Structure formats: structure tokens, C-alpha cells
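[1] Here is the input, now give the coordinates:
(one chain, ligands or ions: 2)
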Amino acid sequence: MQGLTAPEAQARLKAEGFNELPRTERRTIVQLILEVLREPMLLLLLAGGLIYFVLGDLGEALLLLVFASISIVITIVQEARTERVLESLRDLTSPRALVIRGGEHIRIPGREIVRGDLIMLSEGDRVAADATIVRCDDLLLDESLLTGESVPVRKLAHSTLDQPVAPHAGGDHHPFVFSGTLVVRGSGVAEVTSTGVRSEIGKIGQSLHSLSTEAPRLKQQTTRLVAMFAIASAFVIALTVLLYGLYRGGWLEGVLAGIALGMSMLPEEFPVVLTVFLAMGAWRISQARVLTRRASAIESLGAATVLCTDKTGTLTENRMTVARLVLPDGSQYTPDIAARAEHTFDALIETGVLACVPQPFDPMEKALHSLGPGAGTGRRLVQSYGLRPDLLAMSNVWRGGDGECVVAAKGAPETIGMLCGMSAEELAELRARVDALAREGLRVLGVARATCAETDLPETQRGFSLGFCGLTGFADPLRPEVKGAVAECRSAGIRVVMITGDYPATASAIAMRAGLDPERILTGADAEGMADAELAQAARGQAVFARIAPAQKLRIVNALKGAGEIVAMTGDGVNDAPSLKAAHIGVAMGGRGTDVAREASSIVLLDDDFGSIVKAIRLGRRIYDNLRKAMSFILAVHVPIAGLALLPLVTGLPLLFGPVHIAFLEMIIDPVCSLVFEAETEERDVMRRPPRSPDEPLLPRSLLVWSALQGALALALTGGVMVTANAYGMPANELRALTFFSLVLVIVSLIFVNRSFSTSLIEAFTRPNRTLAIIVVFVTTVLSLSLAWPAAADLFRFGPLHSDDLAVTVVAALVSLVLLELSKYPLRHRWPVSVP
Ligand SMILES: Nc1ncnc2c1ncn2[C@@H]1O[C@H](COP(=O)(O)OP(=O)(O)OP(=O)(O)O)[C@@H](O)[C@H]1O
Ligand SMILES: [Cu+]
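    Ligands and ions are numbered 1, 2, ... in the order given. Predicted structure coming up:
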């Protein structure tokens, strides 16, 4: 089969367009603007501007308008960036399809499929386009997406039909498959008839790509924080307006003061931070070649305590070579590309090749094929029996030129031994030989052969009278990064448990090489005999599970969950979907995995690489850390702002800050918390501390206390400066400038304090962070301008500051920085795990 040539496909792609449905999720500019207009911050700014306008302060009114536009720009930039990030992630979710082009099997993105392409269908795939079946083998499809009927329907090849039928979904024995439906069994090749909007699903206009961008738990916690804030500030604001209106005269000024206070206490940063962190987090993780399908995974990644991994392709490279052939008499041969095998091994090789699917995709079968090419010539495949979880063997029945049929079988050695009807002694000898190979880390298959008549083929493989041909051992190199990644998991308090369908001795040999050092090996049979509690107990130790059927995988996951672990679980097959769904973090393989597994998972490894899971966990921890830093900074920073806005009202000091000042502060704080903290580098101990407890709130009490402490100190310092200067009789304008400068500088010191949980002053300054640098430059520029440029000073109503005044503000900031950095020492001992 040749399929389209590359130029043909190109031309058609150009003429007919991509195989995709138009995206509806994209928000229009109008929607975006409407959303921005609903921002409470913006409304407050506009309200403030209006009041200034009414009061006749044109300058202030204009300044607030400028701030309002900056706020809009910041929001739109952030939204656009988030949108762009999500867009690029969506492209990664686009399914890939295996096609034949120019006689070659290649994997291409599903959207590049064109009419006339030959697509290969296999178990677990979502069909990428509407197509007519050219050839198929025991093919069953779930078409419920189109028909609502969940019973799978059987398909036939087009050529076997006598009468042409119109393509429609539903019903058995049709030769058509439809985009979006699922192959539940068998395999086949189909020729694409329509793509994109022209396909059946396109006509319905239903899109399959889903990417959830919300983490339920984090969302809930943030909502709580916001509510807490909102209630507190609503109360304080009402009080302010009332006090001001009653005792200081002028309700308009009262409302202005209320607006200023409202801005200073507006908890809008929390939800913004959450959205930005999750979207950016998903993007950062995708840079490590891991796709996050559910945002909740980012949160759980950092809390994972157990990582259940399969073996082939995840720990190993899935690049198989035949490393050993063993005949029934025990004679061995190590294949060598240069030299032909001795003829005594020919029959074993030939049978092994015949027991593969004719166009193999499985690396083991490819390895066999490369050893004995052309074994199937002159024969025709009549029937094949697939691998089943309860019978780990597969057979092909071939008819030769002479009309006689040969059955070639291969599978798990113990299964093949059983199918060959071996006696107990023979089985024991077989096991000894397999063990010898498996201890070298080889994956071992048994091969057997029989002859039969085509007319009465048995129902199952047990019906053949097979004769044993020998064993094949496949070598599959360990991925180079696995050892380091496993060690990293260990130091991070994450246990790695291997769960494989392979032979126990092979599993254990590979586990040793990967550095898992298992205390014991449990097999599926062992697990079968255990109660759930016992299983959980066993799984909590350093265990390797071998010869595990997919259903048992689910049991193990549930047992671990029951024991209070946070489980990450890898899988690739159709049967893995339930356990991937059940695990806290289902990890599917992007390359090797089936679409079903991918849809059930919450993260997808784009390179099938074990190391990436660990990278993702590392990033998950960092993102969570940074989220905590940002949230506790937001809490801390609002204490002095709100406090200073409130202080004059209760003490009778002159009123210093209006909406202009607060708006300016918020212009700094907003980008700081969403950009500076988001980009913060990881803590040095991210992978050396145990996982965080899953019940721990986003801001545990220790962190709340820490924020309150920072806020209180900042307020004490700035308030102290203000009260003292006032006592010395400083005029209101100069007092305003002095207090504002101290406040801004103290806030900057809070940024530095919160950058890192660790206790190093040097690090607070030397950690690289570009956004922070930009912000520091910006703040300095604006502050200098407000001093040196009379017009700006006028807007802020600043009086002149002298160098000794400036020194005071700098000292206040330094004091706050040093005191807080120092107080991290004792606090660290009080709260060893949860920061600081
Ligand atoms: N193509 C094949 N032909 C014959 N037997 C096979 C084939 N593939 C797998 N087997 C047998 O089935 C067993 C289980 O295979 P399966 O692929 O289900 O394991 P798995 O759980 O995916 O293993 P791993 O964790 O190594 O990926 C293998 O150990 C092997 O004995
Ligand atoms: Cu704020």
C-alpha cells in the first residue's frame, strides 16, 4: 500500500484546508473589552476620576484616567498572553494519526490529514477523519459520539461488500468509520473520504478538544480569600465614608476617601494571580515537554507521594533488539548483524516473524522482522488471534502455496509453555531458562508452531496443538535520565513503584538498573489473593508489581489512594484508562499512548519520557511555592496601604492619600504579584523536602501569621515616620511626599523579602528576575520625576523633600528588609515544613 505522496498531500491540504473544526472558544475583542470594563478596579478609578472632575480638579481627574487606561492595557496584555498560551497548549492536544504516505508509515498531526490519505486504525485510537475501510481485522468501533448508542459496532472492509451502501453511523457490518469515533478493538486501514467541517462530526460542529483551565481546589481557596477580604473592606469603607461625612464635612471627599480605601483593599489580585499562574504554569510545564490537560494537575503534582510507572517505553526506550535466541535443547545464539545465524535457528526466527502482525508497529515485532525479513512471502494470512489480558499470547494462521496452514504463536513464555501442553518438569526447565535471560533484563517471549486445516479453526488459541520452538530475548536499553530522575524522586519523598505486565525477573532486573531497589516483587496472582488493605500495605513498601493485568492496576491505585497517598500513574493502553482516571494525576504517553488513555489523563508526556514527569513535579512544586509567595505578599502589602489610608481618620492627622496615590501603588503591585512572583526561580530545596500534605490550605496559618507580621512591621515603620514627622510640624504636602516615599520603598522591600522562602539577604538581591528589575527602574524613575518635576509633584500634591527626609525613607525600607529577613531564622524553626 502506497497512499498519497507527500506533494499530493501538500496540494490537497492547500486546496481543502486543515482537518479541524473552527474554534469557537476564542473571545472577540468586544467581549474582552466588556469583561475588562466589569473590573471593579477600573470602575473605582473611573468613579474617582468623575468625582475629581466634579470637584474641579482636572489634573487629578486626568491622571486617574491615565491610570485607568494603564489598568486596561495591563489586563488586556495579561489576558492576551494567557489566551495565547492556552492556544499553543491546545495545538499540542491535537491528536496525531498514523498514515501511510509514499509507502511509509508516518505519524502526523490529525489536522494535516487530507482526503485520500490511508490511515491506520488500532485499538484505542480516535478516528481522525471520515473514511472507508480498505482492510480490517476484527474491527469494532464505539460510535456513541454520533449515534448515542454505546454498544460497539463491527466493521467490514469495503471490498467484502457485494452491494454499495450509503455511509452512515451506527449498525453492524458497514465499511465506514467516522471522525471522532473510537476503535475499541482490532485494527484496520481506511481511506479518508472527508475531513474537517465536511465530516459527520463537523456537520454537528462538536469539538473534542477540551482543556480545563481551572483548578477546583485552588479556585475555592482563592474565592475564600477574596470573600474574606471583601467583607472586611466593605465594612471599613462604609465606616470611613460615614466618619468622614459626619465629622470632617464634605460627603464628596468622604466618598473619595472611601474610593481610595476601596482601591487599597480590593482583592482583585487573588483571582488574577491564580489565572495567570495556572496558565503560565501549564506553559512552563509544556516547555518540559509535558502537556497539562487539567489545571488541577499542576496543584496535585507538587503533593504527589507515589509515582506508579510502567516499564517499557517509560523507564526504557522501547527500542527493542533481539539479544538472544534459545532453542528447546538449550543451545543459545546471540544475533549479530554481520553474521547470518546458523541454520538451526532459522525455524525459530521464521515462526517468530510469522507470529507478528504483517506490518508491525510494535518494536518487539519490528526487531523480529529485521532479523528474518521475507518470512511471509508466498503465504496468506487467514486468521489471527490477538493478545488478551487473560491469555498473553497471539497467533497467526497462514496458508502456504501447498494449501496447508501453519500456525505461528508467540507470547509470555509461561503461557506458550501451557499452550504447548508442557509437563511440570518441562515447565520448570523452561522457567529456569527464562529466568536466566530475564536476570539480564531481557524481555522474553516464547515461540511455538503448529499445522492445521483451514476449514476448522478453533475458537481460541487453546485449540491448537502447538509445538515449542524456543525463546527470544529482547534487549531494551534503560533511558539514560531515568536513574537520576528516580534518585531525585527519592530525595523529594516520592516513592516510585513499577507496575508492569512483564515477567517478574525482567521487571526486577530493570527496576534494579533504574535504582528502584525493590524489597519484593509482587505478581498479579499474588495481588489477586490479597484483600485491599493488605494490598495497600504491600504497595506502601518498596515494591515492584509484575504480570499485572490492567484491572489489577486499578485496584492498586485505589488501594494506594485508600492509604492516603497522592498517586501519579502512567499508562498508555486502552485498558489503562480507568486507572489513569482514578489516579490523582493520570499520566499518558503522547507518542506511544492511545487517544483513550490521553483523554483519561490529566497530563501527557509529549516525549514519553520518565524524566519529564519528575521535571513536571519539580515545576509543580515551584509553581505552588510561587503562588504562596504571591498570595502572602498580596496579603502583607495591603496592611500598610489600608492602614495608612485609615490612620488619619482615627487620629486626626491630615488626610494624605487620595485615589491617585493608591492607584499608583496598585499599578506597581498588580504586575509584581502576577509577573515577578510567577517568574521566581525555584527554592533550593524543592526536590529535597517531602511532598506537601494535600489537606494543607493554600495559605496555612503559619503563612498567614508571617504575612500579618510583615504587614504590621511595614505599617509600624511607615506610620511611625508619618506620626513623627507630623509631630515635628512638617507641612502636609511634605508629609505626604515623605510618607508616600517610605511606603513605596517599604513595599519594594516586601517584594524582596517574599521572593524567597530561604533566609539569605544576598540571595534576595542576586536572584535574577527581569520583571523585577524593570519594575525597580520604573518605580525609581517615577519617584524621581515626582520630586524633580513640579507638574508631577503638583499632581501628587507633594511638597519638596530634603536629602535627610529621603534618608529616612531609605532607612525605613532597609530596616523592614533586614528585620524581616532576620525573622525568617526563628520562624523557620517553628514551622519547619510549611514555609517560611
Ligand atoms: N506483540 C506481542 N506478542 C506476543 N506477546 C506479547 C506481545 N506484546 C506483549 N506480549 C506479552 O504480554 C506481556 C504483557 O505485555 P504488555 O505489553 O501488556 O505489558 P505492559 O504492562 O505494557 O508492560 P510494560 O510495563 O513493560 O510496558 C508481555 O510480557 C509479553 O509476554
Ligand atoms: Cu490591591
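
[2] use CA for all of it now, contacts and neighbours both
    Noted.

[3] Could you tell me which residues make contact with residue 656?
    645, 648, 732, 735-736 (Cα atoms under 8 Å, 6 or more residues apart in numbering).

[4] Farthest-apart pair in those, please.
    Pairwise distances across these peak at 14.5 Å for 645 and 732 (criterion: Cα to Cα).

[5] and the chain, what are its domains?
    Using automatic domain parsing, the domain parsing of the chain gives 6-11+96-204, 29-84+213-289+615-830, 298-317+479-608, 322-474.

[6] which of the ones you listed sits most buried?
    Stretch with highest mean neighbour count among the domains of the chain: domain 298-317+479-608 (a mean of 22; mean count of other Cα atoms under 10 Å).

[7] That one: how far from the chain's middle?
    17 Å (Cα atoms, centre = their mean, to the nearest Å).

[8] start to end distance for that domain?
    Domain 298-317+479-608 has an end-to-end distance of 18 Å (Cα to Cα, to the nearest Å).

[9] so does that domain get close to ligand 1?
    Yes - applying Cα under 6 Å from any ligand atom, one finds domain 298-317+479-608 touching ligand 1 at 310-312, 500-503.

[10] mean confidence score for that domain?
    Averaged over domain 298-317+479-608, pLDDT sits at 87.

[11] cool, stretch 122-134 as well?
    87.

[12] quick one, phi psi at residue 586?
    phi -80, psi 130 (degrees, to the nearest 10).

[13] list the contacts for it?
    Per Cα under 8 Å, 6+ apart, neighbours of residue 586: 568-571, 579-580, 600-603.

[14] lowest-confidence helix or strand of the chain?
    Least confident helix or strand, the chain: helix 761-766 with a mean of 70, by mean pLDDT, DSSP states H and E.

[15] Looks like residue 606 contacts residue 591 (just checking).
    Yes - assessed by Cα atoms under 8 Å, residue 606 is found in contact with residue 591 at 6.3 Å.

[16] which parts of the protein sit against ligand 1?
    Checking the chain against ligand 1 by Cα under 6 Å from any ligand atom, the hits are 310-312, 392-394, 410-412, 445, 500-503.

[17] Using the three-state scheme, assign the residue nearest to residue 654 when sequence neighbours are not counted.
    Excluding its sequence neighbours, the residue lying closest to residue 654 (Cα to Cα, 6 or more residues apart in numbering) is residue 648, at 5.9 Å. Secondary structure state of residue 648, per DSSP: H, G, I helix; E, B strand; the rest coil, is helix.

[18] and residue 648, what does it touch?
    654-656.

[19] of these, closest to residue 496?
    residue 656 (59.1 Å).

[20] related to what we said a few turns ago, next step: the contacts of residue 586 restricted to strands.
    Among the contacts of residue 586, the members falling in strands (DSSP state E) are 568-571, 603.

[21] wait, isn't residue 576 in contact with residue 548?
    No - counting by Cα under 8 Å, residue 576 does not reach residue 548; the two are 11.5 Å apart.

[22] quick one on the thing from earlier: quick one: which of the ones in strands among the contacts of residue 586 is nearest ligand 1?
    Lowest distance from ligand 1 to these (Cα to the nearest ligand atom) belongs to residue 571, with 8.3 Å.

[23] Mind checking which of the residues of the chain next to ligand 1 are in strands?
    393-394, 410-411, 445.

[24] In CSV: the contacts of residue 586, plus distance to residue 616.
    Formatted as CSV, the contacts of residue 586 follow (distance: Cα to Cα, whole Å):
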residue, distance to residue 616
568, 11
569, 13
570, 13
571, 16
579, 20
580, 17
600, 18
601, 14
602, 12
603, 9
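
[25] Need the residues that contact stretch 630-643.
    261, 264-265, 269-270, 273, 662, 669, 673-674, 677-678, 699, 703-704, 706-712, 714-716, 718, 743, 747, 750-751, 754.

[26] where does this structure have low pLDDT?
    22-29, 41, 86-94, 160-165, 204-216, 249, 337-342, 759-761, 764, 825-836 (pLDDT under 70).

[27] Need the residue closest to the centroid of it.
    Most central in the chain under Cα atoms, centre = their mean is residue 292, positioned 2.4 Å from the mean C-alpha point.

[28] Need phi/psi at that one.
    Dihedral angles (degrees, to the nearest 10) for residue 292: phi -100, psi 120.

[29] again, but for the one 4 residues further on
    Taking degrees, to the nearest 10, you get phi -60, psi -20 for the backbone angles of residue 296.

[30] Also residue 374?
    phi 80, psi 20.

[31] before we move on, what about the one 3 residues further on?
    Note on residue 377: backbone dihedrals following degrees, to the nearest 10 are phi -60, psi 140.

[32] who's in contact with it?
    No contacts exist for residue 377 under Cα under 8 Å, 6+ apart.

[33] How much space separates it from ligand 1?
    Using Cα to the nearest ligand atom, to the nearest Å, we find residue 377 at a distance of 20 Å from ligand 1.

[34] Make residue 1 into 752 and carry on from there
    Sure, I'll start counting at 752 from here, so that last one is residue 1128.

[35] In three-state terms, how would residue 1225 be classified?
    Per three-state DSSP, residue 1225 ends up strand.

[36] In three-state terms, how would the nearest residue to it once chain neighbours are set aside be classified?
    Closest residue in space to residue 1225, ignoring its immediate chain neighbours: residue 1073 at 4.5 Å, by Cα to Cα, 6+ apart. When classified by three-state DSSP, residue 1073 comes out as strand.

[37] Give the full set of residues in contact with residue 1073.
    1086, 1115, 1118-1119, 1122, 1223-1226.

[38] Could you export these as TSV, including distance to residue 895?
    Output for these, formatted as TSV (distance: Cα to Cα, whole Å):
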residue	distance to residue 895
1086	48
1115	34
1118	37
1119	38
1122	42
1223	41
1224	42
1225	40
1226	41
